[in-house]
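Asker: following is a predicted model, sequence given first.
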Amino acid sequence: LDFRKLAGLTLMSYIDHHGVSVRPEAPPSELAVAVARHFEGLEVDEEVVIGGFLSRLHAGGSNNAPTEYARDTAHFDGMALPANVRKRKRSKMAARPSEQVAAKVTRTDENGSWILASVQRFYADTETYDVQDEDDTSKLIRLPWNHVMRLSTGTEGCFEKGTECMAIFPETTSFYRAVVSKHPVWKLSPGSTTPNVKELIVKFEDDEDDNGRTPHRRVPSRYVIPLPSKYFYE
């Protein structure tokens, strides 16, 4: 398993869950090494893991069964966070009022179902958000916690060339599926010691020109987000 290929958000989730010690300014490569060393030291009871998997398989369940199984058996090491701890963690990491976020405002997963929005309030008891569409601030939209993603800071290092993602299509406020088409360029901002990526070059799905070619498009890194299945990891 090459931990260097994992998204930065996934590495940070693992580090937070297990309390792995890393430097605050550690780059993605250093995070991957820390996670790899910790993972190699874990002792896993294979019979417990296989037994849990088979019991869930025989139980069947709703369409959400795979997701719930993954959450309930996170890391397969007998130390998965209980539901109340996961809830407190989500509240701690929730987006703040006035913060721009990506918000899913439709019930389906079609392209463009995630839009740019602004958080008005987070309700810790119900784990829901009130957000406003950046294109229409006349009404509030209430959404569950897993329909809201915080935007990138450009320092996570989770968007290497070939990474599937969602990005705001130029001159819109909607996120569409895309693939990072060129290696990101890391730079140091004046007065900062933390390198970051200012923009990413992507190719959007269904964006072919008249000749059937898909153009490279520049998007500020802030407006490039992981696929939901990569972001909502516990």
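Answerer: Looks like it came in fine.
Asker: by mean pLDDT, flag the weakest helix or strand of the chain.
Answerer: The least trusted helix or strand in the chain, going by mean pLDDT, DSSP states H and E, turns out to be helix 65-72, with a mean of 47.
Asker: distance from the chain centre to the helix or strand following that one, please.
Answerer: Next helix or strand after helix 65-72 toward the C-terminus (DSSP states H and E): helix 83-92. With C-alpha atoms, centre = their mean, to the nearest Å as the basis, helix 83-92 stands 16 Å off its chain's centre.
Asker: show me what counts as buried in helix 83-92.
Answerer: Neighbour-count burial for helix 83-92, counted by 16 or more other C-beta atoms under 10 Å, picks out Arg90. Yep, even glycine has a C-beta here, placed from its N, CA and C like the rest.
Asker: for the helix or strand following that helix, packing partners?
Answerer: Downstream of helix 83-92, the first helix or strand assigned by DSSP H and E is strand 100-104. Applying 3 or more C-beta pairs under 8 Å, 6 or more residues apart in numbering; DSSP states H and E, one finds that strand 100-104 makes contact with strand 114-123, strand 128-133, strand 136-144, strand 148-150.
Asker: what mean pLDDT does strand 100-104 have?
Answerer: The pLDDT scores in strand 100-104 average 95.
Asker: what does that strand contact?
Answerer: Residues from elsewhere that reach strand 100-104 (C-beta atoms under 8 Å, 6 or more residues apart in numbering): 95, 113-119, 129, 131, 133-134, 141, 143, 147-151, 166, 175, 225, 228.
Asker: hmm, 7 Å instead?
Answerer: Contacts to strand 100-104, defined as C-beta atoms under 7 Å, 6 or more residues apart in numbering, come from residues 95, 113-119, 131, 141, 143, 147-151, 175, 225.
Asker: chain center to it: distance?
Answerer: For strand 100-104, the distance to the chain centre is 12 Å (C-alpha atoms, centre = their mean).
Asker: out of the helices and strands packed on strand 100-104, nearest to Thr214?
Answerer: Minimum separation from Thr214 across these (C-beta to C-beta) falls at strand 114-123, 20.4 Å.
Asker: for the closest one, C-alpha coordinates in CSV please.
Answerer: Coordinates of each C-alpha in strand 114-123 appear next as CSV, following Å, rounded to 0.1, in the frame of the first residue of the first chain:
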residue,chain,number,x,y,z
TRP,A,114,-22.8,20.8,-5.8
ILE,A,115,-22.8,24.6,-5.8
LEU,A,116,-20.8,27.4,-4.1
ALA,A,117,-22.6,28.6,-1.0
SER,A,118,-22.1,30.5,2.2
VAL,A,119,-22.7,29.1,5.7
GLN,A,120,-25.1,30.9,7.9
ARG,A,121,-25.3,28.5,10.8
PHE,A,122,-24.4,25.0,11.9
TYR,A,123,-26.8,23.2,14.3
